[in-house]
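*Asks:* Build me a model:
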Amino acid sequence: MSSPMKTNKRTTTRYALYELLSSMRFAIGLLTILAIASIIGTVLKQNEPYPNYAFEFGQFWFQAFELLGLYDVYHSAWFLTILAFLMLSTTLCIVRNGPGFIKEMKGYREKATDSSLAAMSHSHSFPADASRLEQVRRYLAAQGYRFREQPRDDGALIAAKRGVAGKLGYFFAHIALVVICVGGLIDGNLPLKLGELVGKVVPETRDIPQSRIPEQSRLSTANLAFRGNITIAENKSADVTFLNAGTGYLVQELPFIVTLKKFHVEYYSNGMPKLFASDIVVTNKQSGKTTEATVRVNHPLIVDGVAIYQSSFGDGGSPLRFKAWNLAAPQAAPVAVEGVSMNSQPLRANGKDYMLEFGELRVFNIESAGKPADEGGKTMSQRMQDAREVKHAKSVQNLGPSISFKLRDAQGQAAEYMHYMAPIQQEGASYLVAGVRKTVAEPFQYLRLPLDDEMSVNRYMRLRAALLNPALYDEIAQRSARQARQGGAISPAMEAQFAASVKWVLTRFADGGFEGLQKFLDERVPEDKRQAVAQTYIKILQGAVIDVMAVADQKAGLKPMQPDREHYRFLLDGLVATSALNDYGAPVFLQLDGFDQVQASGLQLTRSPGKNLVYLGSLLLVIGIVLMFYVRELRLWVRVGGGQARVAMTSNRHNRDLDKDFARHVDAIQQLLRGT
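*Replies:* A predicted model of the protein is given here:
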């Protein structure tokens, strides 16, 4: 049997806990924390894949924010716990103070004493005739007051009230908080969080087919609430959605099958999407009932309590056609290669095996295109910089279709490429642009392959093949030397030596491009003479490239190129592109030659049964605030007796309106009791 002291101690502890949980300061503290958390959840994009956060914040802050649960604030354990405590605190506050409020609303305070009425700030007495009290009753009723009369020894007291409904605002506001918290707990999917806590639900981290995902990582159609995304290609279906769950994901079973019949997209003149919508068919798994609808942005379809929103669009796996140029065998003709975007396939080139991993086909690309500087008069070091980086001023335009892909070798090392299909115009010249980067953290470095008069890359590839073909160097060198002698640039005695220099420069350029020439200068030429020697080499290249093109066209049985400024620029761009291809890092150059676009629709599927409760709670909160701030509670007493009358008045808000109302009522009642 416990002692009275222990019993009193437990009672005191319980009462203190009850006082804390039902206190206003505790509830305000919880609301403050929730407000700060909501700001974080609004500013920080929620439910992104964890690698995105790690890339954006760095490893240290990524781990810190993960520990705090900031990547899914509204479903984190601490947020739901605070919601639960706020609901408990508000409920206890209603239980604690509600009876007093109800009693106050029902009461008329008809037992007020004469001294208390006289002590009120708004109180006035005057001579009066008690026989005219009936007229006062009618006046108060006409003014919207409810009243109760109590006889006194020498007369009577009328206690009147109006606007007591303002106290209902207290109940509406507090009940609204409870309702909103309940809705938040429902949409926060508390049962799922508890399942993860006890190990009943385990997110899957492996990249495996959906059919092989174990049951512990799958959620049934009875799951209380969820928000997931699916991407469906045209004429394809889906019956599950994937939910981000920390470092892994969960598979949410749907009660229906979603089939995308057709995807529609309209663009502005600059290529930006104007409107996109999906024609879908939803088939119930149990009844087989079908529902056809067009889902647009902000116009969802709701089926079986699940809202289907149009959220995005993209590539659905489009057949692709390429011309594969073998960079290690430049004399070889291109080979036709076919593939499908968003898929992988093996590729064998020059006796080695690779894995070709296609990314998304983008038909429109609103990007910043490079704007080249003047090619004339560039030094070799400037051209080498162009060959390595090809960075230019920004100019926003639609660059047309592009395909991204990774080429992975047998050791698992991969580089990422971005190839554009349409010619890109820059200062009157046309280029085929391709980007490459070694890691995802790096920006793309772009190279530009010059296009000929037919907007084809064929002539450049012939130029490159001739530049890299030592068998043609003697003929090219003799041709260049002959042209230089006929133009008076060299004497006949220097012709053989000049031809040898041309052949040497071509050989060195073929080995490493501008980088190879620069390396030779750094290793063999004194620093004070490097600039002069570099100028000589660049002039030899600028002159010899004309003969390289002429020999290449002659071997191909084609007419020679017209000797004008535009075509000469084409040749100089060809030198830069050939040097840049040394850093391209792939055995083949995949030129996108055609595609058959297959579009995919990005749909967001949401089940949020607590949403309606939150809406209801918000409505109750508005009503409560309106009642509390815009409905004044007025209390009026009329005490008549002993040939005197006293009018007293109070309100829950003391303002100028109270002064005016009091003066008006005193004047009216005084006249009524005097019979005027």
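*Asks:* ok, the nearest residue to Asp657 once chain neighbours are set aside - contacts?
*Replies:* The shortest distance from Asp657 to any residue other than its chain neighbours is 7.3 Å, reached at Arg632 (CB to CB, 6 or more residues apart in numbering). The C-beta positions use only the backbone N, C-alpha and C, and glycine is treated the same way. Residues near Arg632 by CB atoms under 8 Å, 6 or more residues apart in numbering: Gly163, Gly166, Ser651, Asn652, Arg653, Asp657, Leu658.
*Asks:* so Leu275 makes contact with Tyr268?
*Replies:* No - if you go by CB atoms under 8 Å, Leu275 and Tyr268 don't touch, sitting 9.8 Å apart.
*Asks:* Now do the helices in the stretch 151-300 of the chain.
*Replies:* For the stretch 151-300 of the chain, applying DSSP state H, counting those that start in this stretch gives helices covering 168-187, 190-198.
*Asks:* Could you say which of the ones you listed is packed most deeply?
*Replies:* Comparing the helices of the stretch 151-300 of the chain by mean neighbour count (mean count of other CB atoms under 10 Å), helix 168-187 ranks first with a mean of 21.
*Asks:* Okay, buried residues for the lengthiest strand in the chain please.
*Replies:* The longest strand of the chain (DSSP state E) is strand 248-267. By neighbour count on 16 or more other CB atoms under 10 Å, the buried set for strand 248-267 is Tyr249, Leu250, Val251, Gln252, Leu254, Pro255, Phe256, Val258, Thr259, Leu260, Phe263.
*Asks:* okay, these in JSON lines with pLDDT and distance to Gln411 next?
*Replies:* JSON lines is the format used below for the buried residues of strand 248-267 (pLDDT from 0 to 100; distance: CB to CB, whole Å):
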{"residue": "Tyr249", "pLDDT": "88", "distance to Gln411": "29"}
{"residue": "Leu250", "pLDDT": "91", "distance to Gln411": "34"}
{"residue": "Val251", "pLDDT": "92", "distance to Gln411": "33"}
{"residue": "Gln252", "pLDDT": "92", "distance to Gln411": "38"}
{"residue": "Leu254", "pLDDT": "94", "distance to Gln411": "41"}
{"residue": "Pro255", "pLDDT": "93", "distance to Gln411": "46"}
{"residue": "Phe256", "pLDDT": "95", "distance to Gln411": "45"}
{"residue": "Val258", "pLDDT": "96", "distance to Gln411": "41"}
{"residue": "Thr259", "pLDDT": "96", "distance to Gln411": "42"}
{"residue": "Leu260", "pLDDT": "95", "distance to Gln411": "39"}
{"residue": "Phe263", "pLDDT": "93", "distance to Gln411": "39"}
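*Asks:* Quick check: the farthest pair among these?
*Replies:* Across the buried residues of strand 248-267, the longest distance by CB to CB is 26.8 Å; it joins Leu250 and Phe263.
*Asks:* rank the helices of the stretch 151-300 of the chain by mean pLDDT and give me the bottom one.
*Replies:* Mean pLDDT is lowest for helix 190-198 out of those, coming in at a mean of 81.
*Asks:* related to what we said a few turns ago, among the buried residues of strand 248-267, find me the one that's closest to Val505.
*Replies:* Closest approach between the buried residues of strand 248-267 and Val505, by CB to CB: Phe263, at 55.0 Å.
*Asks:* Was I right to think Phe79 contacts Phe85?
*Replies:* No - contact criterion CB under 8 Å: Phe79 and Phe85 do not qualify, at 11.0 Å.
*Asks:* who's more crowded, those two?
*Replies:* Phe79 (20 against 17; other CB atoms under 10 Å).
*Asks:* The helix or strand containing that one: which residues count as buried?
*Replies:* Using DSSP states H and E, Phe79 falls within helix 77-106. By neighbour count on 16+ other CB under 10 Å, the buried set for helix 77-106 is 79-80, 82-94, 105.
*Asks:* Averaged pLDDT, that helix. What do you get?
*Replies:* Mean predicted lDDT for helix 77-106 stands at 89.
*Asks:* just the angle between it and helix 190-198, please?
*Replies:* 140 degrees (axes from the mean of the first three to the mean of the last three CA atoms, to 10 degrees).
*Asks:* Okay, buried residues for the helix or strand just after helix 77-106 please.
*Replies:* Using DSSP H and E, the helix or strand that follows helix 77-106 in sequence is helix 114-119. If you call a residue buried by 16+ other CB under 10 Å, then helix 114-119 has these buried ones: Leu117.
*Asks:* contact partners of helix 114-119?
*Replies:* Contacts for helix 114-119 (CB under 8 Å, 6+ apart): Ser123, Ser125, Trp637, Arg639, Arg646, Ala648.
*Asks:* What about the first one, how many residues nearby?
*Replies:* Each residue near Ser123 was counted by other CB under 10 Å, and the total is 18.
*Asks:* What separation is there between the residue lying closest to it once chain neighbours are set aside and Leu432?
*Replies:* Nearest residue to Ser123 in three dimensions, chain neighbours excluded: Ala648, at 4.3 Å (CB to CB, 6+ apart). Using CB to CB, to the nearest Å, we find Ala648 at a distance of 93 Å from Leu432.
*Asks:* just to revisit the earlier point, I'd like to know which of the contacts of Arg632 is nearest to Ala112.
*Replies:* Ser651 (15.2 Å).
*Asks:* Next up, the contacts around that closest one.
*Replies:* Counting by CB under 8 Å, 6+ apart, the residues that Ser651 touches are Arg632, Glu633, Leu634, Arg635, Leu658.
*Asks:* Turn the residues you listed into a markdown table, including secondary structure, distance to Val281 and pLDDT.
*Replies:* Below are the contacts of Ser651 laid out as a markdown table (DSSP: H, G, I helix; E, B strand; the rest coil; distance: CB to CB, whole Å; pLDDT from 0 to 100):
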| residue | secondary structure | distance to Val281 | pLDDT |
| --- | --- | --- | --- |
| Arg632 | coil | 58 | 89 |
| Glu633 | coil | 58 | 90 |
| Leu634 | strand | 62 | 92 |
| Arg635 | strand | 65 | 94 |
| Leu658 | helix | 65 | 90 |
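*Asks:* Kindly indicate the member of the residues you listed with the most neighbours.
*Replies:* Top of those by neighbour count (other CB under 10 Å): Leu634, with 23 neighbours.
*Asks:* residues near the spatially closest residue to that residue that is not a sequence neighbour, how many?
*Replies:* Spatial nearest neighbour of Leu634, chain neighbours left out: Arg162 (4.8 Å); criterion: CB to CB, 6+ apart. Using other CB under 10 Å, Arg162 has 20 neighbouring residues.
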